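Novice: okay, predicted coordinates and the sequence, questions at the end:
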There are 2 protein chains.
Amino acid sequence: MEKISRTKIVDLMKREDFGAMVNVKGWVRTRRGSKQVNFIALNDGSTINNVQVVVDLANFDEEMLKQITTGACLSVNGVLTESVGAGQKAEVQAREIEVLGTCDNTYPLQKKGHSMEFLREIAHLRPRTNTFGAVFRIRHNMAIAIHKFFHEKGFFYFHTPIITASDCEGAGQMFQVTTMNLYDLKKDENGSIVYDDDFFGKQASLTVSGQLEGELAATALGAIYTFGPTFRAENSNTPRHLAEFWMIEPEVAFNEIQENMDLAEEFIKYCVRWALDNCADDVKFLNDMFDKGLIERLEGVLKEDFVRLPYTEGIKILEEAVAKGHKFEFPVYWGVDLASEHERYLVEDHFKRPVILTDYPKEIKAFYMKQNEDGKTVRAMDVLFPKIGEIIGGSERESDYNKLMMRIEEMHIPMKDMWWYLDTRKFGTCPHSGFGLGFERLLLFVTGMSNIRDVIPFPRTPRNADF
Amino acid sequence: MEKISRTKIVDLMKREDFGAMVNVKGWVRTRRGSKQVNFIALNDGSTINNVQVVVDLANFDEEMLKQITTGACLSVNGVLTESVGAGQKAEVQAREIEVLGTCDNTYPLQKKGHSMEFLREIAHLRPRTNTFGAVFRIRHNMAIAIHKFFHEKGFFYFHTPIITASDCEGAGQMFQVTTMNLYDLKKDENGSIVYDDDFFGKQASLTVSGQLEGELAATALGAIYTFGPTFRAENSNTPRHLAEFWMIEPEVAFNEIQENMDLAEEFIKYCVRWALDNCADDVKFLNDMFDKGLIERLEGVLKEDFVRLPYTEGIKILEEAVAKGHKFEFPVYWGVDLASEHERYLVEDHFKRPVILTDYPKEIKAFYMKQNEDGKTVRAMDVLFPKIGEIIGGSERESDYNKLMMRIEEMHIPMKDMWWYLDTRKFGTCPHSGFGLGFERLLLFVTGMSNIRDVIPFPRTPRNADF
């Protein structure tokens, strides 16, 4: 076969030098046609669009033609031709075909219309489908948008540790990491396990958040962000929970709560706009196939300023709704940790645009948040989105050493784990703020998928660590 | 204090509107001067350069002035003024100063010239030093360069799992991940631990490589790369080993070994050029303070094409060197896994430029590498660099199902872990290639640092998981 340099399908679709000899490589999605002419839809993953390869059967070996089945991998030399039909403007009139890899009828993706549950069981093959190709190209693009946004703003990408010996938020539910021989655990005279021989010489776990280390970096480099895996050993089998997920956590020295809100709003709008501008084909596919309101919802969050509202005001609105007869599953009262239904009522029913809720009761928020002068609330901020509810959670941090210490004592957080964190408040403390965005939450919003297991390549959930 | 919007020092250095009122915020590096005038070197992490704040002492409160000590955090309003001295072209004549955070004399970074060992013990504060500020800004920039390079080439960033139930290369030395109560392990009648109650219902570990999952993605999306943490529970206390490190692994459908070499060379040159172009101040600082040959070495690898040489030829050169009297610590013979001294001899002494060594004996390489027709070698490729030795390792992958199966059986790799990987060879197999770059190896090269613990914020090594 003649050696012609390969053109990716995404690039081929932009070419207009009809008549040129081209080479395309990819996997057969469908094959149809008559006894004279066949049409092969070939996909190489570079785009959701297939290129149509037109095969004049008389010109090709019969045995080779038999191997062109769904899933087979081909290399095709042919003439770039203007399409006459609808859809793509370019197709390839095949001159030479090489079957790089055959695919027999045990291939699980032969027929269309598999359930999402079935596709999760073959997560090693599902990126070959239109749906997951689209989702994972969007996932890539959202990661790129995030790095680009922060880099252009002068933030530094900072790698906080994955394995940690301290439990950031006292969250519990951590995965233990060990190299000990579980058949021969050393114990002391009280029966306590001795971690001397474990790899790190002490008990170690997988991180639940990089924030505390991020604060160390922000008070040195000024503005940083993390983007890495985080872990929760929560036994929750829901469409919204993963044991392993990716999180983005910017942290900025000298930012107060207002600037933190500005940053969060600008940031998430940047990501959504990026998806609309750079993933148009994939977003349109998901809109048409899964979620007819997707594009409208994405454009919706870009249109207006987010509402900014104290928690106390939000509770009033919800209480008024209840008074007027709106039924919530969970009760509404000052002090309650809002449920998704409450958040969505504010966003979807009351304001009809995203809401940043601030100044939450201190009892339902973490120890490190800046305490307001009312003695009751802290400078937390949650960004609430349509369909998703909370998509970002953040706060201005308590920068006062004494106030922070009091809170740590009130909440019985073990001080021995905290000395290095407290040093930031001891040595040249400064106002600073940050927030966390669950990457898969963003992806649920941008792709319109309804199960979080379908926006990460290989989901880790209770009783599932396959592939 | 008057509210003036803050200018980052990196941006202030570019301003030429002398006479303007500006606000700068940052941490005091040094303070010196006379009884009339003081000069404060202020740094905010945005650049290695400090801004000089000129303080006419008569205009300020004495008690406030006492708080301006090394490490204190200040907000300064003042007039942007052209510098008369050498160094920076702009300085700030202070009009108002607010001490945001004091810093007493227990601050460990007060005096200069701390050892690297000491700074590792205060890894939570070391990003505030010139050296680590430079290293971590370069680390950020290398991550950005990597994403930019692959994105512009149409690769998709793909998140392979961190927690895995299969051991990729049979490497052993993995960290176990568990939620079992170690005080109450369930065992079966043979005394074997029962993993039914563990989070994933089976034994799970931290990944040592995302390559196998990366191959799944490449044979669907065409060209992908990973960039995430990987783990080795190796009990190696050396300046070159970390238990937790970040790895970049591109994988490309339809690329054969030549294209894989082209990609690796273009990629690493892009990163090195990025450092020279975008981190000039930081690289120059490290060059001047730690490694006088750094810039020359960086420019050196950009100048010429890398040598491409089969392993067998490499061995001949080394054997000739031995014959001529060159002494190596480890023996040289066909079949040996080259030591760093051998790699560096080829690069630094013989060719005086980077070398890509190919076609290694199959016995010293992984099962998935494409077997050559000689029956003895595989299409591996290692990129060897001055000072570092191997910086990239990769190969064309075996795409033939039967050949791959034979190798898996020869090497006694448990088949039950491999079914999903083998499916890529069963269903539409294709030639494909990829490689791995240890991010910290790249950083050692680009920063000139000599200990790998000094190019990652919080190193994890045997008996160390602090912060």
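Specialist: Yep, it's here.

Novice: residue most distant from the centroid, chain A?
Specialist: Residue farthest from the centre of chain A, counting by C-alpha atoms, centre = their mean, is residue A:58 at 48.8 Å.

Novice: confidence score at residue A:167?
Specialist: According to the prediction, residue A:167 has pLDDT 63.

Novice: what's in contact with stretch A:74-90?
Specialist: A:1-2, A:4, A:6, A:12-13, A:15-28, A:40, A:42, A:49-54, A:68, A:91-100, B:254 (C-beta atoms under 8 Å, 6 or more residues apart in numbering or on different chains). Where C-beta positions appear, they are placed from N, C-alpha and C, glycine not excepted.

Novice: of those, buried ones?
Specialist: Among these, those buried by neighbour count (16 or more other C-beta atoms under 10 Å in any protein chain shown) are A:4, A:6, A:12-13, A:22-28, A:40, A:42, A:49-54, A:68, A:91-92, A:94-95, A:97, A:99-100, B:254.

Novice: what residue in the stretch 251-400 of chain A comes nearest to chain B?
Specialist: residue A:254 (5.0 Å; C-beta to the nearest C-beta).

Novice: and that residue, its phi and psi?
Specialist: Dihedral pair for residue A:254: phi 80, psi -10, per degrees, to the nearest 10.

Novice: quick one: it and residue B:25 touch, right?
Specialist: Yes. Counting by C-beta atoms under 8 Å, residue B:25 is a contact partner of residue A:254 at 5.0 Å.

Novice: quickly list what's touching both of these two.
Specialist: Contacts common to residue A:254 and residue B:25, judged by C-beta under 8 Å, 6+ apart, are A:430, B:6, B:75.

Novice: helix, strand, or coil at the nearest residue to the second one once chain neighbours are set aside?
Specialist: Excluding the flanking residues, the one nearest residue B:6 by C-beta to C-beta, 6 or more residues apart in numbering or on different chains is residue B:23, at 4.9 Å. Following DSSP: H, G, I helix; E, B strand; the rest coil, residue B:23 is assigned to strand.

Novice: next, the contact list for residue B:23, please.
Specialist: Here residue B:23 is in contact with B:4, B:5, B:6, B:7, B:75, B:76, B:77 (C-beta under 8 Å, 6+ apart).

Novice: out of the residues you listed, who has the most neighbours?
Specialist: residue B:76 (24 neighbours; other C-beta atoms under 10 Å in any protein chain shown).

Novice: re the thing from before, could you check how far the residue of the stretch 251-400 of chain A closest to chain B is from residue B:30?
Specialist: 21 Å (C-beta to C-beta, to the nearest Å).

Novice: again, but for residue A:409
Specialist: 36 Å.

Novice: who in the stretch 1-150 of chain A is up against chain B?
Specialist: The stretch 1-150 of chain A comes close to chain B at residues A:6, A:8, A:10-11, A:25-28, A:44-46, A:71-73, A:75, A:100-104, A:106-107, A:124-125, A:127-128, A:132-133, A:136-137, A:139-140, A:143-144, A:147, as judged by C-beta under 8 Å from any C-beta of the partner chain.

Novice: which of these fall in helices?
Specialist: Here DSSP state H is the test, and these give A:10, A:11, A:132, A:133, A:136, A:137, A:139, A:140, A:143, A:144, A:147 as lying in helices.

Novice: which non-adjacent residue is nearest residue A:147?
Specialist: Nearest non-adjacent residue to residue A:147 (C-beta to C-beta, 6+ apart): residue B:147, at 5.1 Å.

Novice: what number of residues are in the vicinity of that neighbour?
Specialist: 22.

Novice: quick one: contacts for it?
Specialist: A:143, A:144, A:147, B:157, B:227.

Novice: quick check, nearest of those to residue B:115?
Specialist: Of all the contacts of residue B:147, residue B:227 has the smallest distance to residue B:115: 32.0 Å, by C-beta to C-beta.

Novice: how close does the closest one sit to residue B:279?
Specialist: The gap separating residue B:227 from residue B:279 is 19 Å, by C-beta to C-beta.

Novice: likewise residue A:447?
Specialist: 36 Å.

Novice: more neighbours: which of the two?
Specialist: residue A:447 (27 against 23).

Novice: and the pLDDT at the more buried one?
Specialist: 98.

Novice: sorry, back to before: is the residue nearest to residue B:6 bridged to anything, and to what?
Specialist: Beta-bridge partners of residue B:23, counted by DSSP bridges, are residue B:6, residue B:77.

Novice: which non-adjacent residue is nearest residue A:198?
Specialist: Closest to residue A:198 by C-beta to C-beta, 6+ apart is residue A:180, at 5.0 Å.

Novice: ugh, wrong one, residue A:102
Specialist: residue A:67 is the one closest to residue A:102 (C-beta to C-beta, 6+ apart), at 5.0 Å.

Novice: okay, now the one you found: neighbour count?
Specialist: By other C-beta under 10 Å, the residues close to residue A:67 number 16.

Novice: per-residue pLDDT of it, please?
Specialist: The model's pLDDT for residue A:67 equals 98.

Novice: for residue A:172, same thing?
Specialist: Residue A:172 is given a pLDDT of 63.

Novice: then residue A:411?
Specialist: pLDDT, read off for residue A:411, is 89.

Novice: so for it, what's the nearest residue that isn't a sequence neighbour?
Specialist: residue A:367 (5.0 Å).
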